[in-house]
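> using only what follows, build the 3D model:
(one chain, ligands or ions: 1)
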Amino acid sequence: MLKKILLGLLILLVIVQFIRPSRNQSNAASVNDISAHYTVPDDVQAVLKKACYDCHSNNTNYPWYTNIQPIGLWMQNHVNEGKEELNFSEFATYQLKKQAHKLEETAEMLEKDEMPLGSYTLVHKEAKLTKEEKELLISWAKSLQQQIASQVTK
Ligand code: HEC
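Predicted coordinates for the structure are as follows:
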């Protein structure tokens, strides 16, 4: 009985390898990227790229193990969900009010240590932010949020 179950699982695992989730990679010039419209200092950009862009942009870096299912599927799910909530590559397409709100959320997520996702920093050690990196992002997000909010006609 146990042997049959294990064999069944093994077969399932083999079959699932044939599922290839579509990849989040774009060669298009990112004309709507946040950095094309607002000031994103190099050090802020570097932190965003290493800790957030995998799930919140149009370009994800795929480590080798994401070729193994169901890891790849799981990762793709996070990317799709993350992008839907906030996509820095499409930031300029948001209405100003939404832009300001997303920056407010960004600061909040960082303050609460909710982003980057814990399951992600577990394997992406470089994305684990130092206190300084976190503060850098928070103060950038807050000041840009205020700048944008002040443009919103009340
Ligand atoms: C491994 C993928 C992943 C990484 C890396 C990641 N996020 Fe997320 N993010 C998500 C997912 C999935 C959601 C939506 C579900 C949730 O809120 O937990 C989300 C939601 C958010 C939201 C909420 C938007 C809203 O309006 O509620 C913000 C803000 C955010 N992320 C900011 C960041 C920042 C800033 C970083 C980098 C420091 C980051 N995320 C890194 C996957 C990720």
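
> so how far is Phe18 from the residue most central in space within the chain?
The structure's the chain has its C-alpha centroid closest to Cys55; by CA atoms, centre = their mean the separation is 2.2 Å. From Cys55 over to Phe18 the distance is 25 Å, taken as CB to CB, to the nearest Å. For the C-beta atoms, the positions are set from N, CA and C on the backbone; glycine is no exception.

> and Lys131, by the same measure?
From Lys131 over to Phe18 (counting by CB to CB), the distance is 44 Å.

> what do you get for His56?
His56 sits 29 Å away from Phe18, taking CB to CB as the criterion.

> right, and the helix or strand after the worst-scoring helix or strand of the chain on mean pLDDT?
With mean pLDDT, DSSP states H and E as the measure, the helix or strand of the chain carrying the lowest mean pLDDT is helix 118-121 (a mean of 91). Later in the chain than helix 118-121, the nearest helix or strand by DSSP states H and E is helix 131-149.

> can you tell if whichever strand or helix holds the residue nearest to the centre of the chain touches the ligand?
Secondary-structure assignment from DSSP H and E places Cys55 in helix 53-56. Yes: legend: contact between helix 53-56 and the ligand by CB under 6 Å from any ligand atom is shown at 54-56.

> dump the helix or strand that comes right after that helix to PDB, restricted to CA.
Following helix 53-56 in sequence order, the next helix or strand is helix 71-85 (DSSP H and E). Provided in PDB are the C-alpha atoms of helix 71-85 (Å, rounded to 0.1, in the frame of the first residue of the first chain):
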ATOM      1  CA  ILE A  71       8.900  25.500  -6.600                       C
ATOM      2  CA  GLY A  72       8.600  27.400  -9.900                       C
ATOM      3  CA  LEU A  73       4.800  27.400  -9.800                       C
ATOM      4  CA  TRP A  74       4.800  28.700  -6.200                       C
ATOM      5  CA  MET A  75       7.300  31.500  -7.100                       C
ATOM      6  CA  GLN A  76       5.200  32.500 -10.200                       C
ATOM      7  CA  ASN A  77       2.200  32.700  -8.000                       C
ATOM      8  CA  HIS A  78       3.900  35.200  -5.700                       C
ATOM      9  CA  VAL A  79       5.200  37.200  -8.700                       C
ATOM     10  CA  ASN A  80       1.700  37.400 -10.200                       C
ATOM     11  CA  GLU A  81       0.100  38.400  -7.000                       C
ATOM     12  CA  GLY A  82       2.800  40.800  -6.000                       C
ATOM     13  CA  LYS A  83       2.800  42.500  -9.400                       C
ATOM     14  CA  GLU A  84      -1.000  42.900  -9.300                       C
ATOM     15  CA  GLU A  85      -0.700  44.700  -6.000                       C
END
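
> I'm done for today, thanks for sticking with me.
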